[in-house]
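K.L.:
Pasting the sequence and the predicted coordinates here, then a few questions.
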There are 2 protein chains.
Amino acid sequence: MNEIKSLEQRPLGGPGPIRRTALHDTLVSHLRDMIIEGDLPPGTRLHEGQLGEQLGVSRTPLREAIKYLASEGLVELVPSRGAVVKRFSAKDVRDMLTVLQTLEELAGRLACEAATDAEIAEVRALHDEMVRRYEAGDRMQYYKLNQDIHTAIARLSGNAALADMHAMLQTRLKRIRFIGHEGPEKWAAAVAEHQEMIAALEARDKARLSEVLGLHLTKAWERVRDAV
Amino acid sequence: MNEIKSLEQRPLGGPGPIRRTALHDTLVSHLRDMIIEGDLPPGTRLHEGQLGEQLGVSRTPLREAIKYLASEGLVELVPSRGAVVKRFSAKDVRDMLTVLQTLEELAGRLACEAATDAEIAEVRALHDEMVRRYEAGDRMQYYKLNQDIHTAIARLSGNAALADMHAMLQTRLKRIRFIGHEGPEKWAAAVAEHQEMIAALEARDKARLSEVLGLHLTKAWERVRDAV
DNA sequence: ACAGAAAATGCTGCATACAGAATACAAAAG
DNA sequence: CTTTTGTATTCTGTATGCAGCATTTTCTGT
């Protein structure tokens, strides 16, 4: 995990137009992951020369990616001293969760109206898969599917701006949730809340879904507060 | 307004440490303004060579600024075809206003608790000045102070993440509000709503402030819907 | 005259090179 | 021994150059 893997040309997928993703996007998501997974801990100075050499790219696209991340709020730009990975205080985390809660409550209400049956079925599929991972004790995959479900609900609201803001906050919080080691009983509680969530969504019960989502994030703060 | 002014070194402010703003920040805000004020209408391709020459900077810092704006959602990046100014549909605008409304309702509640008397007095000062501009018929300054007041309330919530998200949405919406030509009766209504806002804030009446802010944005949509 | 292909143009994407600022280190003075 | 100052190194900030891709124009064949 702490080893920095250089960027290789991904093996081109099957047939069809080979959509060579621009290096910019690759770099952005790669750096994001490095920050989230702790390869670049908060407070780390992002050395353009060194980092670029490790990743096998020159400074120019790297700098562009760093600036991009800056406006996402993951790194901070210090004039003539480069960029450092942003450090979030406990209050910052709680503030972000407060906003996220408000956004998800709204998303829940809208999703109950806007989502198609097929879309809800997709979320159900994610949910079932997540429960399977929980039962298997696969925390990593559980974590990813968990995020996917929340992202999906934000998207199902049909409100692109809402989904955007949600994604941005979720990204900033990813690292916190990543390091938050919940005990088994807390984990079980979280799964139970998700059961209620999917039930409310399938019933298209706006009030209930909104309430469950809100409660879920209130609890989420209690679950991660010690990790911050 | 349609003339592109090149970037000059700002006259250094008075005494004290001369905080030479980095070119990056200057470029970002300059480009932002050009988009908001319509010098670069939606759909315009951002020509790196040409634009850089007009602004008097080389392509590299310009590219960094453009990428930055992309993650702010003002421009869109098309692989190997550069960047174009993003075009917002009527639905997009309404969606953004919906989210903004939710955020401001939250900000209002929090601000009533977190703000100091001095801070509230500052908002009052902004408000009074804005009313004066309204009476003078100075639409431009009114517009700016209006934005400032909403930004101030978001900041007074004491929640940095909330203020961030609010600022981002506000930025994306600036252009729309800028071109929205409201009639005199609508303008008067907006001012009246602001009167209620500042009164509720000074009374620290959470429920009322939240309600007024929400209503204000519902009305805002009605005021700009035709302009989109 | 028209359709298709090939060449030419212009732009983006990336790398490299150069200049200026900040920091670290070392030497000298108090 | 401490402090200060000068120097050297390192890193950021900006410019420029080159290669690849997209689009447009021109040429050729029917």
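P.N.:
Received it, and whenever you're ready, just let me know what you need.
K.L.:
What ranges does chain A have for its strands?
P.N.:
Using DSSP state E, the strands of chain A run over A:45-46, A:75-78, A:82-85.
K.L.:
and the lengthiest helix in chain A, what does it pack onto?
P.N.:
Selection of the longest helix in chain A by residue count, based on DSSP state H, yields helix A:90-114. Packing partners of helix A:90-114 (3 or more CB pairs under 8 Å, 6 or more residues apart in numbering or on different chains; DSSP states H and E): helix A:139-156, helix A:160-179, helix A:184-202, helix A:206-224, helix B:90-114, helix B:160-179. Every residue, glycine included, has its C-beta placed from N, CA and C.
K.L.:
Swap in 7 Å and give it another go.
P.N.:
When contacts are defined as 3 or more CB pairs under 7 Å, 6 or more residues apart in numbering or on different chains; DSSP states H and E, helix A:90-114 packs onto helix A:139-156, helix A:160-179, helix A:206-224, helix B:90-114, helix B:160-179.
K.L.:
what angle sits between that helix and helix B:160-179?
P.N.:
For helix A:90-114 against helix B:160-179, the angle by axes from the mean of the first three to the mean of the last three CA atoms, to 10 degrees is 50 degrees.
K.L.:
And the contacts of helix A:90-114?
P.N.:
Helix A:90-114 is contacted by residues A:150, A:153-154, A:156-159, A:162, A:165-166, A:169, A:172-173, A:176, A:201, A:204-206, A:209-210, A:213-214, A:217-218, A:220-221, A:225, A:228, B:102, B:106, B:159-162, B:165 when judged by CB atoms under 7 Å, 6 or more residues apart in numbering or on different chains.
K.L.:
closest one to residue B:34 among the strands of chain A?
P.N.:
Among these, the nearest to residue B:34 by CB to CB is strand A:75-78 (21.5 Å).
K.L.:
Who are the packing partners of the closest one?
P.N.:
Using 3+ CB pairs under 7 Å, 6+ apart, strand A:75-78 is in contact with helix A:59-72, strand A:82-85.
K.L.:
For it, which strands pair with it and how are they oriented?
P.N.:
Strand pairing for strand A:75-78, determined by DSSP bridges: strand A:82-85 (antiparallel).
K.L.:
follow-up on the earlier one: most packed of the strands of chain A?
P.N.:
Mean neighbours per residue, mean count of other CB atoms under 10 Å in any protein chain shown, is largest over the strands of chain A for strand A:45-46, with a mean of 20.
K.L.:
got the contact list for it?
P.N.:
Identification of contacts with strand A:45-46 by CB under 7 Å, 6+ apart yields A:66, A:75, A:82-84.
K.L.:
So is it next to DNA strand D?
P.N.:
Yes. Shown here: strand A:45-46 in contact with DNA strand D (CB under 7 Å from any atom of the strand) through A:45-46.
K.L.:
For residue A:59, give its distance to residue A:81.
P.N.:
16 Å (CB to CB, to the nearest Å).
K.L.:
Between these two, point out the one with more neighbours.
P.N.:
Neighbours per residue (other CB atoms under 10 Å in any protein chain shown) separate residue A:59 from residue A:81, with residue A:59 holding more: 14 against 8.
K.L.:
I'd like to know how far the more buried one sits from residue A:170.
P.N.:
Residue A:59 is 30 Å from residue A:170, where distance means CB to CB.
K.L.:
next one: residue A:210
P.N.:
Per CB to CB, residue A:210 is found 18 Å from residue A:170.
K.L.:
now swap in residue A:126 and tell me
P.N.:
Distance, residue A:126 to residue A:170, by CB to CB: 15 Å.
K.L.:
Please report how far residue A:156 lies from chain B.
P.N.:
Remark: distance between residue A:156 and chain B (CB to the nearest CB, to the nearest Å) = 13 Å.
K.L.:
Contact residues of chain A facing chain B?
P.N.:
A:22, A:24, A:60, A:63-64, A:67-68, A:71-73, A:79, A:92, A:95-96, A:98-99, A:102, A:106, A:159-162, A:164-165, A:169 (CB under 7 Å from any CB of the partner chain).
K.L.:
one more time with 6 Å
P.N.:
Counting by CB under 6 Å from any CB of the partner chain, the residues of chain A close to chain B are A:22, A:64, A:67-68, A:71-72, A:79, A:95-96, A:99, A:102, A:106, A:159-162, A:165.
K.L.:
Give the closest residue to the residue of chain A found nearest DNA strand C in space, chain neighbours not counted.
P.N.:
Closest to DNA strand C within chain A is residue A:23: 2.5 Å, counting by CB to the nearest atom of the strand. By the measure of CB to CB, 6 or more residues apart in numbering or on different chains, the closest residue to residue A:23 outside its immediate chain neighbours is residue A:61, 5.2 Å from it.
K.L.:
neighbours of that neighbour, just the number please.
P.N.:
19.
K.L.:
wait, what's in contact with it?
P.N.:
The contact partners of residue A:61, taken as CB atoms under 6 Å, 6 or more residues apart in numbering or on different chains, are A:23-24, A:27.
K.L.:
at 10 Å what do you get?
P.N.:
A:22-24, A:26-28, A:52, A:55, B:63, B:67 (CB atoms under 10 Å, 6 or more residues apart in numbering or on different chains).
K.L.:
now swap in residue A:228 and tell me
P.N.:
Under the criterion of CB under 10 Å, 6+ apart, the neighbours of residue A:228 are A:88-94, A:176, A:179-180, A:221.
K.L.:
switch to 7 Å and redo it
P.N.:
A:90, A:93, A:176.
K.L.:
Any of the residues you listed buried? List them.
P.N.:
A:93, A:176 (16 or more other CB atoms under 10 Å in any protein chain shown).
K.L.:
So, low pLDDT: which residues of chain A?
P.N.:
Under the criterion pLDDT under 70, the flagged ranges of chain A are A:1-21, A:181.
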